[in-house]
Each structure stands twice: as structure tokens, then as C-alpha cells.
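In: 3D model of this:
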Amino acid sequence: MWKLLIAEDETIIRRGLKKSLNWKEYLIDVVGEAEDGEIALEMAIELRPDIMFIDINMPFLNGIELMKKLRKELPHIIFIVITGYNEFSYAHQAIKMDALDFLLKPVRKEELENTVKTAVDLLQKRERNSNLYLQFKGNKQILKEQFLLNWCSGQYTEEEVKVQVQLLDINFRKSCDRQVECYNFR
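Out: The predicted model follows:
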């Protein structure tokens, strides 16, 4: 389950967001609600949400300041800004903080659904990429050995060799005194 934290100072809006969608359908668990920026900061650090709804204008710590602090602590969190302020400067600052979307209150259900679907798709892609990276890392030695055998048997162009050497993090000594000859193993 993905974790969602709602940071919104208006109780009615906070409750409305919490009840607006069938969160289980999106594999999302609403792990908390915060009525001001300082509480939201503490809760986010403790709960480590994947997605966070953030209001721009909150007491003690506004949404932009909150995102700046959290971006350092939780670099992969997905911010969705929900605000009543239709000002370009706020949207611009939210974009700088890599917010996924900037929704104006009152938020339409369809708009919220589309944004949540996009967030979940992004989280799933990140998870797949992480799993692929772990598989690659676990098989790196085998891949290196296979590459070297194929290279020595002449199966790669010079450009393919450069790509594979970089991908597999193979370092050749530049000060090699003798030339290494590869034999055709066919």
C-alpha cells in the first residue's frame, strides 16, 4: 500500500479529501492528517508518506517551506498542491519543488482522480525500476563475463562495446604495455 498524508488547515477540506475517493482502489492508505505545516513536517518525517497533499497557506510553516524541508528529508515524495490561491508565483514555486500537480479548491473529483492515478503510476514505475536495478546489480558479474566472451568472439561493434563497458562499469587500464588478443571461441 502507498501512504498518503494530508496537510491542510481547513478541517472541512481535509475531511473532504480523505472521503473523496475509495483510496483502497488505488492501493493507498491515508496515514495521517495535519492541520498546520509544523505538524505536517513531523508527521511526514515519522510516517514517510509516498504522496502528500499540501495546502500552500497553512499556519506556522506554509506549504512551499514544508516542501523545501521535506524534499531534503524525503527526496522521492510526491507532492500534490491543493490550494485556494490561483497565483502564478505559488504555482511556479510548487513546480520548482517538483510538485506533481497544482489543484485549485474546490477540487473536482475527476481532477483529483486523474492526479492520484498519475501519482500511483509514477510510484509503480519507480518500484519496477528499483526492482530491475536490484536484479541487474545481482547479475552484474554474470553479465560482465558474458559480455567479455561475446566481445572476444567478435559479436559487438565498437559502439556496442563502449555502451556495454560503461553500463557494466568495466575499467580497462590505459597503460597496458601489451596487446590482448581475443580468440574466436566458435
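
In: Quick check: buried residues in stretch 93-100?
Out: Using 16 or more other C-beta atoms under 10 Å as the test for burial, stretch 93-100 gives 93-94, 97, 99-100. For glycine as for every other residue, the C-beta is placed from the backbone atoms N, C-alpha and C.

In: no, scratch that, I was asking about stretch 107-114
Out: 107, 112.

In: what's in contact with it?
Out: 17, 20-21, 82, 103 (C-beta atoms under 8 Å, 6 or more residues apart in numbering).

In: So which elements touch the helix or strand of the chain with the lowest mean pLDDT?
Out: The weakest-scoring helix or strand in the chain, judged by mean pLDDT, DSSP states H and E, is helix 88-96 (a mean of 74). Contacts defined by 3 or more C-beta pairs under 8 Å, 6 or more residues apart in numbering; DSSP states H and E place helix 88-96 against helix 63-73, strand 78-83, strand 101-104.

In: Adding mean pLDDT, mean neighbour count and distance to residue 49, write the ones you listed out as JSON lines.
Out: What follows is the helices and strands packed on helix 88-96, written out as JSON lines (pLDDT from 0 to 100; neighbours: other C-beta atoms under 10 Å; distance: least, C-beta to C-beta, whole Å):
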{"stretch": "helix 63-73", "mean pLDDT": "91", "mean neighbour count": "18", "distance to residue 49": "9"}
{"stretch": "strand 78-83", "mean pLDDT": "92", "mean neighbour count": "23", "distance to residue 49": "9"}
{"stretch": "strand 101-104", "mean pLDDT": "87", "mean neighbour count": "17", "distance to residue 49": "16"}
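
In: and residue 37, which of those is closest to it?
Out: helix 63-73 (4.6 Å; C-beta to C-beta).

In: how's the protein carved up into domains?
Out: 2-136, 139-186 (automatic domain parsing).

In: tell me the most buried of the ones you listed?
Out: domain 2-136 (a mean of 17; mean count of other C-beta atoms under 10 Å).

In: which residues does the residue most central in space within the chain contact?
Out: With distances taken as C-alpha atoms, centre = their mean, residue 76 lies nearest the centre of the chain, 4.2 Å away. Neighbouring residues of residue 76 by C-beta under 8 Å, 6+ apart: 50, 126.

In: Assign it to helix, strand or coil.
Out: coil (DSSP: H, G, I helix; E, B strand; the rest coil).

In: Name whatever forms a beta bridge with the closest residue in space to residue 18 that isn't next to it in sequence.
Out: Spatial nearest neighbour of residue 18, chain neighbours left out: residue 30 (5.5 Å); criterion: C-beta to C-beta, 6 or more residues apart in numbering. Counting by DSSP bridges, residue 30 is bridged to residue 4.
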